[in-house]
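Engineer: Sharing a model prediction with you, sequence too.
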Amino acid sequence: MTNVLAIAQKELRSYFASPIAYIIIGFFALLFGFMYTSILDWFIRQGMQMSMMGMGPRNMNVNQQMIRPLFLNVSVLLLFILPFLTARSYAEEKRTGTVELLLTSPLTDLQIVMGKFAGAMALFGVLMAITALHIGLLFFFGTPEWRALLAGYLGIVLFGGCIVAIGLFISSLTQNQIIAGVATFAVILMLWVVDWLAESVGPRTGDVLRYLSMTAHLDDFVKGVVDTKHIVYYLSVIGFGLFLTVRSIDAERWRG
């Protein structure tokens, strides 16, 4: 565990040693703030219209009418941001030659992979902390259901973990950060829209395609529903991505 934490700290410091972390955090904060204010403005106007119609604010559900679409928009942001966050993890080390020092250190492949995964997830956690500051303001002006809110955050964290795990694997295959980022984006986009084909194929194949869709599993979480089948799916994708990364690093060690 000590070795994993050391790798995670090194990975996190490397993000902030270059402009990449500040650019990602600033870009995310700007776009999330814009989405937050836009949805909040729509929510307030809807509440005012319902009040004028004599329906009262009781008919407005903060979780379903504001937090849910906000979380779905966050998933779109993660689709564009996280692939380029993970792109440098191994690609940059290969380009600079520091991967040889990493592979010859007294660390196992699993420790290296888990350390890099933890470092990337820590920066992802910073992004989630930004959203928590905005969401927290809603408790001053309304009464969101906190259990449903936690379910939504759980879904977003698992969703982001899948992107990070897949991104680490693809980054381990190349020394070009741009190629790693674009390839990760393409794979995640494919898993995003795969259920669109479900209607044009047979029922069994359609069920498989729906199950493979990352966003199909996220929707229940942002509704406040925690289903074990969705948790199993996300953990399976994360585990498979990390397993492939370990195998890729092992192959790199043997080639070296």
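Structural biologist: The structure has been received and is ready for your questions. Numbers count the residues shown, from 1 in each chain.
Engineer: Quick check: Asn109 touching Asp250?
Structural biologist: I think there's a mix-up here, since residue 109 is Asp and not Asn. Yes: with contact defined as CB atoms under 8 Å, Asp109 reaches Asp250; the gap is 5.1 Å. Any C-beta I mention is one placed from the backbone N, CA and C, and that applies to glycine too.
Engineer: Tell me the spacing between Tyr36 and Ile23.
Structural biologist: For Tyr36, the distance to Ile23 (CB to CB, to the nearest Å) stands at 20 Å.
Engineer: what's the spacing between the helix or strand containing Glu92 and its chain's center?
Structural biologist: Assigning secondary structure by DSSP states H and E places Glu92 in helix 88-96. Its chain's C-alpha centre and that of helix 88-96 lie 21 Å apart, by CA atoms, centre = their mean, to the nearest Å.
Engineer: Now do the residue lying closest to Ala29 once chain neighbours are set aside: how many residues are near it, please.
Structural biologist: Closest residue in space to Ala29, ignoring its immediate chain neighbours: Ile130 at 5.2 Å, by CB to CB, 6 or more residues apart in numbering. Applying other CB atoms under 10 Å, we find 15 other residues in the vicinity of Ile130.
Engineer: My guess is Ile130 contacts Phe28. True?
Structural biologist: Yes: look at Ile130 against Phe28 with CB under 8 Å: they come within range, at 6.6 Å.
Engineer: Model confidence score at Asn176, please.
Structural biologist: Note for Asn176: predicted pLDDT of 85.
Engineer: dump the residue contacts of it.
Structural biologist: Ala91, Arg95 (CB atoms under 8 Å, 6 or more residues apart in numbering).
Engineer: That's all I had, so thanks and see you.
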